[in-house]
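A.B. asks: Generate coordinates for the sequence data below:
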Amino acid sequence: AAPLSQWEAQLINQLLTDFHPDTLIDLHSGTEALLMPFGMPGHPNPDTEAHRAFLSEIQRRHCPECRLGGTWEVEQYPNPGTAVDHAYKALGVNSAFLWEIH
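C.D. replies: So this is what the prediction gives:
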């Protein structure tokens, strides 16, 4: 599928574009992980250190069993074009995260 080809992705993109948030937390249930961009290997996140520090504090306080890192690094499968990756890279939302919690 082409980028932003689904109506749900278009809606989220429009909301983020209109609202200009400082932070995005894409909340999922399933595995236990605190994730940051990116969903493909070979795409370094220039804010890794700051993102890891922030997520480490969330992990320490609320989810010690959660794995922590980039979505590719933790999940080990390619998942390019996530809302988090798009918000971070294309829309400039510096604090964009995906939290997989129960």
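A.B. asks: centre of the chain versus stretch 42-62, how much separation?
C.D. replies: 11 Å (C-alpha atoms, centre = their mean, to the nearest Å).
A.B. asks: Over to stretch 36-52?
C.D. replies: With C-alpha atoms, centre = their mean, you get 9 Å for stretch 36-52.
A.B. asks: try stretch 67-84
C.D. replies: Between the centre of stretch 67-84 and the centre of its chain there are 8 Å (C-alpha atoms, centre = their mean).
A.B. asks: Now the lowest-mean-pLDDT helix or strand in the chain - C-alpha only, CSV.
C.D. replies: Within the chain, no helix or strand scores below helix 71-75, which has a mean of 85 by mean pLDDT, DSSP states H and E. Backbone C-alpha positions of helix 71-75 (Å, rounded to 0.1, in the frame of the first residue of the first chain) are rendered in CSV as follows:
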residue,chain,number,x,y,z
THR,A,71,10.7,-0.6,17.1
TRP,A,72,13.0,-2.5,14.8
GLU,A,73,15.6,-3.1,17.6
VAL,A,74,13.0,-4.6,20.0
GLU,A,75,10.5,-6.3,17.7
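A.B. asks: in this protein, which spans are strands?
C.D. replies: Assigned by DSSP state E, the chain shows strands spanning 23-28, 33-36, 67-70, 95-100.
A.B. asks: Tell me how many other residues crowd the residue lying closest to N13 once chain neighbours are set aside.
C.D. replies: Nearest non-adjacent residue to N13, counting by C-beta to C-beta, 6 or more residues apart in numbering: L4, 5.6 Å away. Yep, even glycine has a C-beta here, placed from its N, CA and C like the rest. Per other C-beta atoms under 10 Å, the neighbour tally for L4 reads 16.
A.B. asks: would a markdown table of the strands of the chain with distance to Y88, mean neighbour count and mean pLDDT be doable?
C.D. replies: Formatted as a markdown table, these follow (distance: least, C-beta to C-beta, whole Å; neighbours: other C-beta atoms under 10 Å; pLDDT from 0 to 100):
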| stretch | distance to Y88 | mean neighbour count | mean pLDDT |
| --- | --- | --- | --- |
| strand 23-28 | 8 | 13 | 93 |
| strand 33-36 | 8 | 25 | 94 |
| strand 67-70 | 11 | 18 | 92 |
| strand 95-100 | 4 | 22 | 94 |
